[in-house]
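1. Model the structure of this input:
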Amino acid sequence: MPLFLSLYHTAARKLTRAEWLLPTVARFLFAALFLVYFWVSALTKLGDGLFGIVSPSLGAYAQIFPRAMEAVGYDSSQLSLFHTLVVLAGTWAEFLLPFLIVIGFLTRLSAFGMIGFVIVQTLTDLYGHGVINEASTLGAWFDKMPDAVIMDQRALWIFLLLVLVIKGAGPLSLDRVLLRNAPWAHPASPPRSQADHPTP
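-> So this is what the prediction gives:
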């Protein structure tokens, strides 16, 4: 038993020192699971033509403001500037934030922004699209089913993003390249006090 505990402790120490592993795997999984998902979702929000990036589609308004669109008979011109700005911000965020996470640039900020995006997406699903009344989609914690969209899947999405907020992007990232030689990223050691230099 002491030999087993010694080996376990040695392996645990090595894993603790593997600071690169967790953020690197988290970014890989984000790219593998969510990059295309969010980009395809963003594409559905673009309007027609070259200026579609600043002219959201009807579907964009319906996805983000379903009740408001229903109230105006699905005529987006009756919505306010606020609605348009929110739809544009959501569309651009779906393109930009996943891209920044995948390349590892401003990773902590981007992951934090994605957490906010997922929370807003979830609230829209719950209250805008009425998912809160669908028990199988809403799900519950501490039950036997781990595949509900809201309580199970979205909680794991946020956990994955939280790893990046706390750990950063890891070594294979633009953050690491750009910060490697930045003087403000590695503050100089404070001068040692006179007490540290005893008089000979």
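
2. All the helices of this structure, in order from the start?
-> Remark: helices assigned in the chain by DSSP state H are 2-17, 21-30, 36-43, 58-64, 66-71, 81-103, 107-123, 135-138, 155-167, 174-180.

3. can you tell which of these is closest to P146?
-> With CB to CB as the measure, helix 155-167 is the member of the helices of the chain nearest P146 (9.1 Å). All C-beta atoms are positioned from the backbone trio N, CA, C, and that covers glycine.

4. For that closest one, C-alpha coordinates in PDB please.
-> What follows is helix 155-167 as a C-alpha-only set of coordinates in PDB (Å, rounded to 0.1, in the frame of the first residue of the first chain):
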ATOM      1  CA  ALA A 155     -23.800  23.600 -17.700                       C
ATOM      2  CA  LEU A 156     -20.900  21.600 -19.300                       C
ATOM      3  CA  TRP A 157     -20.500  24.300 -22.000                       C
ATOM      4  CA  ILE A 158     -20.100  27.000 -19.300                       C
ATOM      5  CA  PHE A 159     -17.700  24.700 -17.300                       C
ATOM      6  CA  LEU A 160     -15.500  24.300 -20.400                       C
ATOM      7  CA  LEU A 161     -15.400  28.100 -20.900                       C
ATOM      8  CA  LEU A 162     -14.700  28.700 -17.300                       C
ATOM      9  CA  VAL A 163     -11.600  26.500 -17.500                       C
ATOM     10  CA  LEU A 164     -10.300  29.000 -20.200                       C
ATOM     11  CA  VAL A 165     -11.300  32.000 -18.100                       C
ATOM     12  CA  ILE A 166      -9.300  30.700 -15.100                       C
ATOM     13  CA  LYS A 167      -6.400  28.900 -16.900                       C
END
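
5. follow-up on the earlier one: can you redo the helices of the chain as a markdown table with distance to A148, mean neighbour count and mean pLDDT?
-> Listed next are the helices of the chain as a markdown table, based on distance: least, CB to CB, whole Å; neighbours: other CB atoms under 10 Å; pLDDT from 0 to 100:
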| stretch | distance to A148 | mean neighbour count | mean pLDDT |
| --- | --- | --- | --- |
| helix 2-17 | 31 | 9 | 85 |
| helix 21-30 | 20 | 18 | 95 |
| helix 36-43 | 17 | 14 | 96 |
| helix 58-64 | 21 | 20 | 93 |
| helix 66-71 | 21 | 15 | 93 |
| helix 81-103 | 23 | 17 | 96 |
| helix 107-123 | 12 | 18 | 97 |
| helix 135-138 | 6 | 13 | 88 |
| helix 155-167 | 9 | 17 | 97 |
| helix 174-180 | 34 | 15 | 87 |
